[in-house]
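Student: 3D model of this:
(chains A and B)
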Amino acid sequence: SQQGEEDPQALSIQEGENATMNCSYKTSINNLQWYRQNSGRGLVHLILIRSNEREKHSGRLRVTLDTSKKSSSLLITASRAADTASYFCATDGGKLIFGQGTELSVKP
Amino acid sequence: DAEITQSPRHKITETGRQVTLACHQTWNHNNMFWYRQDLGHGLRLIHYSYGVQDTNKGEVSDGYSVSRSNTEDLPLTLESAASSQTSVYFCASSDGYNEQFFGPGTRLTVL
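Tutor: I've put the predicted structure just below:
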């Protein structure tokens, strides 16, 4: 059974806009991670937020975690065409459980 | 530079044949994982290992086996390939509760 559920399943925006993806999960976690996958490639780790953290930044990425609501969000600011990819959240309660991903399309 | 590699990158086989997918990492990570990725299902965990001689079943382990004889390698074997095992397979490794590093994937087609 999937732990993380992403929303929306697909998102299409214009270059320069912000993209927000949400993830909900069901059980307690040690940390939550976000990964990116370009078409036909393996997953690449973007950011990890631990269960005792509420917000984390990395470049144009901002991740929030609300353990009381069992939810997380990934914000990509000032998106670029090169950000087009699938984004997955993964919850770590001992082993990673991935959601089904959000397919982001950034149009130039 | 440390890396994680998978071979072959593409494989076509017939129903009933035994297939082994290789995964090799030079990160010196204790933890290694095998996932399959199918449209509509995201990534699902097949088997994982927390160290030499340690193997564990994941969410979708039926029809698959792994063995861990050294730190660097975790081969995945399909004992008798079935069409339902047509998928893209990813290997990953990690050090504790940290990020996982993924290989490039193996696209397997079972005819």
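Student: Quick check: end-to-end length of stretch B:83-97?
Tutor: Distance across stretch B:83-97, first residue to last, is 34 Å (Cα to Cα, to the nearest Å).
Student: what does it contact?
Tutor: A:30-31, A:42-43, A:92, B:4, B:6, B:15, B:21, B:23, B:25, B:27, B:29-38, B:43, B:46, B:63, B:74, B:76, B:78, B:100-103, B:105-111 (Cβ atoms under 8 Å, 6 or more residues apart in numbering or on different chains). Using the backbone N, CA and C atoms, a C-beta is placed for each residue, glycine as well.
Student: Which among these count as buried?
Tutor: The neighbour-count test (16 or more other Cβ atoms under 10 Å in any protein chain shown) marks A:31, A:42-43, A:92, B:4, B:6, B:21, B:23, B:25, B:27, B:29-37, B:43, B:46, B:74, B:76, B:78, B:100-103, B:105-106, B:108, B:110 as buried among the contacts of stretch B:83-97.
Student: in what helix or strand does the residue nearest the centre of chain B lie?
Tutor: Geometric centre of chain B, nearest residue: B:Trp34, 3.2 Å, by Cα atoms, centre = their mean. Element membership of B:Trp34, judged by DSSP states H and E, is strand B:31-38.
Student: Show me what the mean pLDDT comes to for the helix or strand containing A:Ser86.
Tutor: Per DSSP H and E, A:Ser86 falls inside strand A:85-92. For strand A:85-92, the mean per-residue pLDDT is 94.
Student: mind listing what that strand pairs with, with the direction of each?
Tutor: Applying DSSP bridges to the sheet, strand A:85-92 is found paired with strand A:31-37 (antiparallel), strand A:96-98 (antiparallel), strand A:102-107 (antiparallel).
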